[in-house]
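K.L.:
Using only what follows, build the 3D model:
(2 chains)
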Amino acid sequence: MKKIPMRTLLFRVGAVLLLAVIAYSMTIIGRGHTVYMDSKRLEYNGQTYETPYKVEVYVNDEQVAKLYDKERGMSIWIGQKFSMTLEITQEKGGAEETQEVSLTLPRKMDGIILNLPALLAGLPEEAYLSEFVAAPSEEEAPSDEGITDEFGLSTTEELPAE
Amino acid sequence: MSMKPKKTGGSSFVELIQNNSVPIMFILICAVCIPVSGFSPGYLVNEIMTRLGRNAFLILCLIFPIMAGMGLNFAMTLGAMAAEIALIFTADWQVWGIPGIVLAMILSIPISVLLGVFCGQILNRAKGKEMITSYMIAFFVDGLYQLLVLFMMGPVIPILHSTLKLPRGYGIRNTVSLLHMRQSLDNLGAIHIGAVKIPVLTLVVIALFCLFIVWFRKTKLGQDMRAVGQNMDVARDAGIKVERTRIVAIVMSTVFAGLGMVIYLQNMGNISTYSSHKQIGMFCIAALLVGGASVDKASIRNVFLGVILFHTMFIVAPATGAKVTGDSMIGEYFRVFASYGVITIALVMYEMKKRMAKGKIGQQLQLAQREEESQ
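P.N.:
I've put the predicted structure just below:
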């Protein structure tokens, strides 16, 4: 068997390592999360944190939710460092105050619930952050049979009746 | 001293028509169908631009085996399957956007290399019958792919999200959503000119691949591939490792097909798990042939001309069919018929040309022998 020159071997190993490093970094940079913002009263350590009258949530300069009491908004986010702008109106007819919020999202959670009153009160992460677990659907998911490919060809598609 | 026979204007015109009969036929079809379809120029250009971005990379990967004399690589679907497996993992790990595309491309590479080496080794044992062999390999690997995706993903290969799995708890659903990856590459830096969206980044990626092909042709390996493509025995006598070069050509084609399939599927926004890859080889080959390529000769020009003509026909045929016959299915049948037809015509023409060339050589030898005898 022909011996592979050291330089070639190093280049090959280097290329594989480089690709592995890029792939791993992509799993961190590109990790997608669905962030749910709850405007919901919270009891923590015997204290009650009330909701503001209205909270407008902006993510990437785009309004994703306008939340009143007991309402939930949603946004998708790629990466770990999440930031949003909250425009808070404490009382009806009151003045708006703007607050920038930045936080690190847990990598292992797909869906994350943020409790806005707890977040605004500066409570620890365990108080304002929890994992969103979708309730199991009782109805069976609709069958996705018959989906055609780009060229409109599918083995499952039935020809139209005459 | 040998003298080239002088070509008359008439014979060179006939030769030009003969050599470009398929593109000319498709230009005529498009010229008839476009006005009948009633599509606006803006809509048509936008559709062609989308399809150019979606398909060009995939078709370009067919050039390497043609360079190495292995004909049309029907086994490019192996790369497509590798890309689909990579995308399923990416979707399961919830890696979205451009990072998701990059991750899927990187994950597809080792799978494509393995499948490419396997395919190349088989094709080395079936020299002269590469096309039919690669066609059958694609069917064989499709079976393995289905076994992997339908039965092993879940119990053996961990799949975290139940939304990807079939209701029975294992196997992947018919459709995998790539919603958060959809057109990430196309939309980044896209320019809108009127109704036409130009996916700049995708076109840049395609342009880089074209430059790579141009550069690759000039490298030692590229020259070796061309030498192998012209005559394997002569190449072997010249010290070129023929078998290895052929395997490299197939591996390159498979790897780039994988990358191309990721580009294709990010544009589509979903994977049709069990059928996305099935037709892709056929339609890419048909598009390349429509562009004027043949079994033994293909260029970048053929790829772009092929994508434009073939996909213009694809866009306008159903609408034309609906206008002319009142049934859009006629157009659907027509475009499928045209796709398979063009491959058949190209293969028949290639064989005819080969026989004619052999016949000419025979005649020349006979003439030379007679001349020798008369002297």
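
K.L.:
Please enumerate the helices of chain A.
P.N.:
A:6-29, A:116-120, A:125-128 (DSSP state H).

K.L.:
so how many other residues sit close to the spatially closest residue to residue B:299 that is not a sequence neighbour?
P.N.:
Excluding the flanking residues, the one nearest residue B:299 by Cβ to Cβ, 6 or more residues apart in numbering or on different chains is residue B:293, at 7.2 Å. Bear in mind the C-beta positions are built from the backbone N, C-alpha and C, glycine included. For residue B:293, the count of nearby residues is 26 (other Cβ atoms under 10 Å in any protein chain shown).

K.L.:
Ok, residue B:16 next?
P.N.:
Residue B:16, neighbours per other Cβ under 10 Å, totals 11.

K.L.:
Could you do residue B:199 as well?
P.N.:
Neighbour tally, residue B:199, other Cβ under 10 Å: 24.

K.L.:
Show me what from the stretch 251-375 of chain B comes close to chain A.
P.N.:
With Cβ under 8 Å from any Cβ of the partner chain as the criterion, the stretch 251-375 of chain B meets chain A at residues B:264, B:268, B:270, B:272, B:275-276, B:278-279, B:283, B:314, B:318, B:329, B:332, B:335-336.

K.L.:
Off-centre distance for stretch A:102-113?
P.N.:
7 Å (Cα atoms, centre = their mean, to the nearest Å).

K.L.:
Give me the contact status of that stretch with chain B.
P.N.:
Yes: with Cβ under 8 Å from any Cβ as the criterion, chain B is reached by stretch A:102-113 at residue A:110.

K.L.:
distance between the ends of that stretch?
P.N.:
Chord length of stretch A:102-113, first to last residue, is 15 Å (Cα to Cα, to the nearest Å).

K.L.:
Just give the number of residues close to the nearest residue to residue A:123 once chain neighbours are set aside.
P.N.:
Using Cβ to Cβ, 6+ apart and skipping the chain neighbours, the partner closest in space to residue A:123 is residue A:44 (6.0 Å). Neighbourhood size, residue A:44 [other Cβ under 10 Å]: 16.

K.L.:
partners of residue A:44 in the sheet?
P.N.:
Beta-bridge partners recorded for residue A:44 (DSSP bridges): residue A:47.

K.L.:
Give me the pLDDT value at it.
P.N.:
You'll see residue A:44 listed with a pLDDT of 87.

K.L.:
repeat for residue B:282
P.N.:
On the pLDDT scale, residue B:282 is placed at 87.

K.L.:
do the one 4 residues further on as well
P.N.:
According to the predicted model, the pLDDT of residue B:286 comes to 89.

K.L.:
State the number of residues packed around it.
P.N.:
Counted with other Cβ under 10 Å, residue B:286 comes out at 27.

K.L.:
Neighbours of residue 42, how many?
P.N.:
No chain was given, so I picked chain A. By the criterion of other Cβ under 10 Å, residue A:42 has 19 neighbours.

K.L.:
not what I meant, chain B
P.N.:
Considering only other Cβ under 10 Å, residue B:42 is surrounded by 12 other residues.

K.L.:
do you know how far the closest residue to it other than its chain neighbours is from residue B:313?
P.N.:
Setting aside the residues directly before and after it, residue B:42 is nearest to residue B:195 in space (Cβ to Cβ, 6+ apart), at 3.5 Å. For residue B:195, the distance to residue B:313 equals 21 Å [Cβ to Cβ, to the nearest Å].

K.L.:
Next: residue B:197.
P.N.:
For residue B:197, the distance to residue B:313 (Cβ to Cβ) stands at 21 Å.

K.L.:
the helices in the stretch 101-250 of chain B, which residues?
P.N.:
Ranges of helices in the stretch 101-250 of chain B, per DSSP state H, counting those that start in this stretch, are B:130-147, B:184-187, B:200-218, B:220-230, B:232-237, B:242-268.

K.L.:
Minimum distance to chain B, which residue of chain A gives it?
P.N.:
Proximity of chain A to chain B (Cβ to the nearest Cβ) peaks at residue A:30, 2.5 Å away.

K.L.:
And that residue, what's its pLDDT?
P.N.:
For residue A:30, the predicted pLDDT is 94.

K.L.:
What are the boundaries of the strands in the stretch 251-375 of chain B?
P.N.:
Along the stretch 251-375 of chain B, counting by DSSP state E, counting those that start in this stretch, strands occupy B:270-272.

K.L.:
Equivalent analysis for chain A, please.
P.N.:
Secondary structure of chain A (DSSP state E): strands located at A:32-39, A:42-44, A:47-49, A:54-59, A:62-67, A:71-78, A:81-89, A:96-104, A:111-115, A:129-131.

K.L.:
now those strands in a markdown table, with distance to residue B:33?
P.N.:
Formatted as a markdown table, the strands of chain A follow (distance: least, Cβ to Cβ, whole Å):
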| stretch | distance to residue B:33 |
| --- | --- |
| strand A:32-39 | 42 |
| strand A:42-44 | 64 |
| strand A:47-49 | 66 |
| strand A:54-59 | 46 |
| strand A:62-67 | 42 |
| strand A:71-78 | 41 |
| strand A:81-89 | 51 |
| strand A:96-104 | 55 |
| strand A:111-115 | 48 |
| strand A:129-131 | 55 |
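
K.L.:
distance of the residue of chain A closest to chain B from residue A:20?
P.N.:
Residue A:30 is 16 Å from residue A:20, where distance means Cβ to Cβ.

K.L.:
Could you check which of the two is surrounded by more residues?
P.N.:
residue A:30 (24 against 11).

K.L.:
Mind telling me which residue of chain B is nearest chain A?
P.N.:
Residue of chain B nearest chain A, by Cβ to the nearest Cβ: residue B:99 (2.5 Å).

K.L.:
residues in contact with that residue?
P.N.:
Applying Cβ atoms under 8 Å, 6 or more residues apart in numbering or on different chains to residue B:99 gives the contacts A:26-27, A:29-30, A:78.

K.L.:
can you check residue B:113 too?
P.N.:
By Cβ under 8 Å, 6+ apart, residue B:113 lies in contact with B:251, B:254-255.

K.L.:
so which of these is the most crowded?
P.N.:
Counting neighbours by other Cβ under 10 Å, the top entry in these is residue B:254, with 33 neighbours.
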